[in-house]
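>>> next comes the sequence, and after it the predicted model I'd like to discuss.
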Amino acid sequence: MTERKNRPSLFSYVLDLLGRDIVQGKFLATGGSLPREQDLCDYLGASRTVVREVTRVLAEKGMLRATPKIGIRVTPETEWNVMDIDVLKWIWQYGRRENFVRDFLEFRLIFEPMASFQAAVRATQAQRQEILDLYGKLLRSNETLLAGGDHAYSISCDIAFHSAIYKASGNRMLSYLGSMISEMMARQVRETTSAPGQFGLGLPLHEKVAQAIAAGDASVAHHYSQMLVRMPYEDYLTSTASNAPQLGIFSVRTPEMPLLTLNEGR
C-alpha cells in the first residue's frame, strides 16, 4: 500500500496519486487498463467508495473511461481536459511539459491576435485606457524585477494585461477563454521568461499592441499581437525541438482586415 503524507483528505490524496500515475504512463503496460477494483483499493489505500468517486472525477476530466465488461481504461491524452487545473498541474509536474508549452503558444497564436483586433474595434474608452494603464504597470514591474524583484508579480501583471485584451474584444467566447487560460498562461510565461532579462524582451511589443488598441487601429493591433506571441513560440521551439521550423515562418505582415462596428456584418 502506498504511504500517504501530509494529505488534506483521503479523497484529494487518492485523486492526486491516480492522476499523476496516469500522466506518468503507469498503466501503459496493461494497455491503459486500471487494475481490478480491489487491487486498486489496496494500492491506493482507500475504500471502494473513495476509489469509485475518484475514478468518476477523473472520467469527468476526460482521463478515464468505464466500459461494460472491459473495465476502466485510461483515455488518449488528446481527450484530457487540459484547461482543468488538476490536469494542468499533473501534466506540468509529471508529464511532457515542453509539448504543453508548445501547444499553448500555438493556441494563443490562433486566438490572441484576433482578440487584439476586435479590442481595437470594440473596446470602450475605459477599456482602452485600462490596457494602457496595465502596460504601464507591466513596465514598472519589469524595472522592479531587474532590481531583484519578484518574478511572480511581473507575471501577474502580464496576465492582467492579456486578460484585459480578451475581455475588451467584445466577443463572449474570447472573453471566456481569457478567463479560463490565465493559469496556463502564467505557467507558460514563467517557463519562457525564466532566463535573466528575458521577461523584458517582449515589452516593446506589448506597448505597440496597447497603443494600437487605444488608437483603434485593428490591423496594427493584430500584427503586433501576433509578433508578441510568435517571439516566445519561436524561441521555445528553437530551444526544445530538434525539428523546429525556421525562424521567421510567420514573418509576412498580416493582410489588412476590414474594420467592422458592432452592428456591421451581422
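Noted; the coordinates are in hand. Everything numeric in this text was worked out from a predicted model, so none of it was measured. Residues are numbered from 1 along each chain as shown.
>>> tell me where the protein is predicted with low confidence.
Scanning the chain for pLDDT under 70 picks out 1-8, 241-266.
>>> centroid residue for it?
Per CA atoms, centre = their mean, the C-alpha nearest to the average position across the chain is that of Met184, at 2.6 Å.
>>> element containing it, please.
Here Met184 sits within helix 182-192, counting by DSSP states H and E.
>>> over to Gly19?
helix 10-23.
>>> what's the following helix or strand after that helix?
Remark: after helix 10-23, the chain's next helix or strand is helix 37-44, criterion DSSP H and E.
>>> what does that following helix contact?
With contact meaning CB atoms under 8 Å, 6 or more residues apart in numbering, helix 37-44 is reached by 1-2, 14, 17-18, 34-35, 47-48, 50-52, 54. The way it works is simple: take the backbone N, C-alpha and C, and place the C-beta from them, glycine included.
>>> now those residues: which count as buried?
Buried by 16 or more other CB atoms under 10 Å: Val14, Leu17, Leu18, Leu34, Val50, Val51, Arg52, Val54, out of those.
>>> the fifth one: what secondary structure?
Using DSSP: H, G, I helix; E, B strand; the rest coil, the secondary structure recorded for Val50 is helix.
>>> tell me if I'm right that it and Tyr13 touch.
No - contact between Val50 and Tyr13 fails when scored by CB atoms under 8 Å: they sit 9.4 Å apart.
>>> show me what contacts Gly178?
Gly178 makes contacts with Ala115, His162, Ser163, Ile165, Tyr166, Lys167, Ser169, as judged by CB under 8 Å, 6+ apart.
>>> on that earlier part again, which positions within the helix holding Gly19 qualify as buried?
Phe11, Tyr13, Val14, Leu15, Asp16, Leu17, Leu18, Gly19, Arg20, Asp21, Ile22, Val23.
>>> quick check: which element contains Arg73?
strand 71-74.
>>> export the helix or strand just after that strand as PDB, just CAs?
Counting by DSSP H and E, the element after strand 71-74 in chain order, helix or strand, is helix 85-94. What follows is helix 85-94, C-alpha atoms only, in PDB (Å, rounded to 0.1, in the frame of the first residue of the first chain):
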ATOM      1  CA  ILE A  85      -6.500  23.000 -13.000                       C
ATOM      2  CA  ASP A  86      -5.700  19.400 -11.700                       C
ATOM      3  CA  VAL A  87      -4.900  18.000 -15.200                       C
ATOM      4  CA  LEU A  88      -2.700  21.100 -15.900                       C
ATOM      5  CA  LYS A  89      -0.800  20.600 -12.700                       C
ATOM      6  CA  TRP A  90      -0.200  16.900 -13.300                       C
ATOM      7  CA  ILE A  91       1.000  17.500 -16.900                       C
ATOM      8  CA  TRP A  92       3.200  20.300 -15.700                       C
ATOM      9  CA  GLN A  93       4.800  18.400 -12.800                       C
ATOM     10  CA  TYR A  94       4.900  14.800 -14.200                       C
END
